[in-house]
Structures are given as C-alpha cells and as structure tokens.
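Chemist: coordinates only, no sequence provided:
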Ligand SMILES: NC(=O)C1=CN([C@@H]2O[C@H](COP(=O)(O)OP(=O)(O)OC[C@H]3O[C@@H](n4cnc5c(N)ncnc54)[C@H](O)[C@@H]3O)[C@@H](O)[C@H]2O)[C@@H](O)CC1
Ligand SMILES: Nc1ncnc2c1ncn2[C@@H]1O[C@H](COP(=O)(O)OP(=O)(O)O)[C@@H](O)[C@H]1O
Ligand SMILES: [K+]
C-alpha cells in the first residue's frame, strides 16, 4: 500500500473533486460520514460524553461535520472550537453554519479561556490539526494539547494526532496529542511507523473516502507499506519435479567462541525457508555442537579454534549470510576483507560483518552488487553516522544505499527496507521479537530466500514480512515475553501457511 506525502494527498483530494464533479465540502461530508459510522457502530448510542476539539481548518471541519451527525443521532456532545487562527477554511465555516442551524453552539477556546473539564470516562475527538500543520502550535494550544493528554479519556484522532508534523519530528513532544486510536483517511502516513513519531499513537485504521483510484494507482511514492497483498506476488512456488539442487545452497559464515548459537539460529532459519542445502562456516570450537544439534546442516570449520581466520566456501554455494556472532578479531577482519575481494556472490551482511565494514569503510566498495545489509539502529549509526531525527536517518540511509548499491534493512518495530530511493515499511512483528538472536534468524531467512533465487530486494521485503509473521504467531501462542529466536524459527512453516490463507465471507481465514 502506498504511503503518500501531504502534497500528494492534497493533490489526490483536488483531482478527486474535479473528476467526480463534487465539491470539497461533499468530500468532507463523506469523511465525516465514515467517521460517524465507525464511532456509531462501536458506541451504539451509549450515553457517554463526547468532547470534540476542532481546529479552524479542514481537520476541524471534519470534526464539526461529525458533531452534526452525532447530535442528530442523540449523542451527548460538547464542541470546542480551538480558535488558533482567524483564517478559517471555507468548509469549516459551511459546517459550522450547519451546526448552528441545528441550534448547537460550540464553545470557542482561545488564549485567555479556561480549558473544559474532561471526565475520565469521556471520549475525545481530536480534530485540531490534520496534515496541514506547518509550524509549532502556539503556547496556549500546546497547553490545551497537554490538558487533553493529561485526561484519562479515550482519544480518537481524526486523520493524524494533532501536533504531529508529516515531515519532521516535533522538538516538543508535549505539543502532540497522544492518540489511543487514529482514523486516517485513505492511506497510512509515514509518521505512524517511525520510532520518534509513531509513539504518539497506539492504533490506526484507514477510512476509505473514495479518493480517485486512478490517481492513487499512478502516483509514485517514496514509501510503501508492506502487508500480505504486497508480499504474496513475490513468493516463488516449489515445483513438483524439482530437487534440492533447484533450491540453492545457502552458507552462513560466522560464529566465535561463545557465539556459535548465532550461526545455529541463522542456519536453521535458512533451512526453514526452504533452502535446498545449508552449510555453515565456523571456527573449530563450534563443530561438535552444530553437528550434533542440527543433522540437516553441514559444517565447515576454520583452522582456528575460537574465531574465523580464513573463509572458505563450498564450491556450489549460491548465497552467503555473513557476520552473525563472528566477532572482530583482527584475523577475522583480514579474512572478511579478502573474502569481499574474492567473492561476488549474493550476500547478506549482518552484525559483526557490519561492524567490520563500519570500522573499515574502504571495504564498502568491495561489497557485491545489491548486498543486503541488516543493521539494528546502533549498527546503522556506525555505518551512516549520527542522524538528526528519523527523517534525516531515512535520507542518509537512502544516500548510503545508492552510493554502495546495497539494500539496507533498517530493523526495528517497523523494519524499513531501503533500495533505489524507495522505502518498504513492514507491517507486522511485535515487541516479543526484541530478544536475543531474532536478528540472526532474519539473516538466515533472507539468505535462504536469496539462495532459492529470490532477487535480493524481494528476499529482503518478503523475508522481513515472514520473520514478523513468525514472530506474531509465536507471540499469539506464547505471549510476548516467551518469544525466542527459536520459537520464531519454529513458526516459519506456519507463517508460510498463513500467507496462503484467504478470507472467508465471514472474515475468518481459510486455507487457499
Ligand atoms: N482537502 C480535502 O478535501 C479533505 C481534507 N480533509 C481534512 O483536511 C485536513 C487538512 O486540512 P487543512 O489543510 O485545512 O489543514 P489543518 O486542518 O491540518 O490545519 C489548518 C490550517 O492551520 C494552519 N496552521 C498550520 N499550523 C498551524 C499552527 N501551528 N498554528 C496555527 N495555524 C496553523 C495552516 O494554514 C493549515 O492549513 C486533513 O488532515 C483532513 O482531516 C478531509 O476533510 C477529507 C477531505
Ligand atoms: N518492538 C519490536 N517490534 C517488532 N519487531 C521487533 C521489535 N524489536 C525488535 N524487533 C525485530 O527483532 C529483530 C532484532 O534484531 P537484532 O537487534 O539484530 O537482534 P539480535 O542481534 O539479538 O539477533 C529485528 O528483526 C527487529 O525488527
Ligand atoms: K487531528
């Protein structure tokens, strides 16, 4: 699903209004009707007090139009107009008049007023600012936002939490609404997924307001939100008359004394995503534990006992995952350096592989084309340097990926895969996955997919999704805390099965 920026959303509104020959007010009415039916289907007329805080732009207009629907359906409401400017939008004014025609007079809030009392069981509709926020709110508006945040009431934000910019991080977090739920129009916003801005909302949902499909389809975006519909077409089916040679030979290179487990996890994940053969290249000390615990996995060893000093590959290797648990011994650095000189095979580089690259930047030019790098935030910082905020991070990551022709997988709650100027934002996964070795599993998954001939970018996007889905199945069975890297591996099979379930008419999924 595409993630549009504010200019594109405004353009889509304009295009839709012209093509469908409707007024902008009709589009606002559509938006308000969608919000109303969402609210009404949940509240069913409950006698709960609803406070609507409405700005004076179109986001406020949505709120005022919603107020009319609520009052017409018997809800107990209080409308507070946050009068932060005298430049009221046309559609806001149209809707204000309609409200007044129904004898409902909003309370106007300004810099001198007392803020309304909010009961802990009340509901707040936040329609102060939408995607039009272009500067920090004035002090009194910021205080009002603080007052709303301090209440125990449930906060439902319209389109975006008010105070959240779409293209930068607010330097004053207290000026942003902390929404329990956001009803966003048509498409998700990038800020929902970045660590510094995503914290302002708990959940989000999309409301379709019928923006022109052709415009949405044709408009190129810098970011895409990756869910099941996006990953399914990437899947490569297994063929009836195939043999293991058709599914590649993945090699995991890594491990050091005390960190052989990382290789074990990555190699098992490789097997579970369907790699035909899996070999590990590890220091001698890992030979017995790996051979005895994983009968399917072949083991090659370095001549050194505790670390890697010279990397050798099986002759028919088709993809390499390198770096997990590998350490940064100087002989390992030398081995990795000459390995990069000699090997132009598809490669996933993780953990100490990334640390070595960061310490020896000249090696970056030796990476094979479209190498997949899977840094967690600290590893990323070592590679691309410090960033000012999450937007700057994305800009720097894109520049890095372009400079070295590599695919960057920025791991996090919403992992973002960057390539060719575009970002692919993963939709699944959970905090249970913040656990030792879950990154090693991801390395194995992506390597195993590349070994089977998935193009590296697709392997990264598909692999990240599959990893998140396995993590979600693990947490649904065990709870967040008990998710381990091994439970993620154990659920890779179920994740594949889940991918091919289709929704039944009742909304329950059935195998396809
Ligand atoms: N354009 C359309 O046709 C539709 C727009 N919709 C709503 O319209 C919203 C965008 O509306 P607007 O563009 O009017 O913008 P907002 O309602 O977000 O903001 C209102 C105006 O306030 C001004 N402003 C920005 N920051 C300010 C600040 N810190 N202090 C004081 N004034 C400030 C800006 O000029 C801005 O246009 C969307 O988020 C959505 O809720 C929906 O009604 C659907 C249809
Ligand atoms: N809060 C979270 N929500 C979803 N996924 C997460 C969360 N925290 C971590 N993950 C995922 O878990 C993995 C952790 O990787 P990493 O930090 O490299 O772990 P390790 O080094 O222990 O293998 C990444 O794929 C990341 O996206
Ligand atoms: K809002």
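Modeler: Structure received. Just so it is clear, the model here is predicted, and its values are computed rather than measured. Ligands and ions are numbered 1, 2, ... in the order given.

Chemist: and residue 304, what is it in contact with?
Modeler: Residues near residue 304 by CB atoms under 8 Å, 6 or more residues apart in numbering: 283-284, 331. (Each C-beta comes from the backbone N, C-alpha and C, glycine too.)

Chemist: also residue 240?
Modeler: For residue 240, the set of contacting residues under the criterion of CB under 8 Å, 6+ apart is empty.

Chemist: picking that back up, save the contacts of residue 304 as JSON lines, and put in pLDDT too.
Modeler: Converted to JSON lines, the contacts of residue 304 look like this (pLDDT from 0 to 100):
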{"residue": "283", "pLDDT": "98"}
{"residue": "284", "pLDDT": "97"}
{"residue": "331", "pLDDT": "98"}
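
Chemist: mind giving me the PyMOL select for those, buried ones only?
Modeler: Here is the PyMOL selection string for the buried members of the contacts of residue 304, based on 16 or more other CB atoms under 10 Å:
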select buried, resi 283
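
Chemist: quick one: which of the contacts of residue 304 sit in helices?
Modeler: For the contacts of residue 304, the ones inside helices are residue 331, with DSSP state H as the criterion.

Chemist: save the contacts of residue 304 as JSON lines, and put in distance to residue 297 too.
Modeler: JSON lines is the format used below for the contacts of residue 304 (distance: CB to CB, whole Å):
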{"residue": "283", "distance to residue 297": "16"}
{"residue": "284", "distance to residue 297": "16"}
{"residue": "331", "distance to residue 297": "25"}
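
Chemist: is stretch 217-229 up against ligand 2 anywhere?
Modeler: No: counting by CB under 6 Å from any ligand atom, no contacts exist between stretch 217-229 and ligand 2, the nearest distance being 12.9 Å.

Chemist: between the contacts of residue 304, which sits nearest ligand 3?
Modeler: Closest approach to ligand 3 among the contacts of residue 304 (CB to the ion): residue 283, at 55.7 Å.

Chemist: distance check, the nearest residue to residue 198 once chain neighbours are set aside against residue 10.
Modeler: The shortest distance from residue 198 to any residue that is not its chain neighbour, by CB to CB, 6 or more residues apart in numbering, is 5.6 Å, and that residue is residue 192. As for residue 192, its distance to residue 10 is 19 Å (criterion: CB to CB, to the nearest Å).

Chemist: quick one, helices of the stretch 1-150 of the chain?
Modeler: Under the criterion DSSP state H, counting those that start in this stretch, helices of the stretch 1-150 of the chain are mapped to 6-19, 24-43, 58-72, 90-101, 139-150.

Chemist: quick one, which of the ones you listed is packed in tightest?
Modeler: The highest mean neighbour count among the helices of the stretch 1-150 of the chain, using mean count of other CB atoms under 10 Å, belongs to helix 58-72: a mean of 25.

Chemist: mind listing residues that contact that helix?
Modeler: Contacting residues not belonging to helix 58-72 are listed as 24, 28-29, 31-33, 35-36, 39-40, 50, 52-55, 77, 79, 81-82, 89, 91-92, 94-96, 98-99, 102, 104, 106, 125, 127-132, 158-159, 162 [CB under 8 Å, 6+ apart].

Chemist: next up, the contacts around the residue nearest to residue 198.
Modeler: The neighbourhood of residue 192, defined by CB under 8 Å, 6+ apart, consists of 182, 184, 198, 201, 204.

Chemist: 10 Å instead?
Modeler: Neighbouring residues of residue 192 by CB atoms under 10 Å, 6 or more residues apart in numbering: 3, 160-161, 164, 182, 184, 198, 200-201, 203-204, 225, 414, 425.

Chemist: ok, back up a step: list, out of the contacts of helix 58-72, those positioned next to ligand 3.
Modeler: Filtering those for neighbours of ligand 3 using CB under 5 Å from the ion leaves 158, 162.

Chemist: show me which of the contacts of helix 58-72 neighbour ligand 1.
Modeler: Residues of the contacts of helix 58-72 in contact with ligand 1 (CB under 6 Å from any ligand atom): 24, 28, 31, 55, 89, 129-132, 158-159.

Chemist: pull the most distant pair out of the residues you listed.
Modeler: Longest distance between any two of the ones next to ligand 1 among the contacts of helix 58-72 is 18.0 Å, between 24 and 129; criterion CB to CB.

Chemist: check contacts around whichever residue of the stretch 351-500 of the chain sits closest to ligand 1.
Modeler: Nearest to ligand 1, among the residues of the stretch 351-500 of the chain, is residue 391, at 17.9 Å (CB to the nearest ligand atom). With CB under 10 Å, 6+ apart as the criterion, the residues that contact residue 391 are 165-169, 190-191, 194, 196-197.
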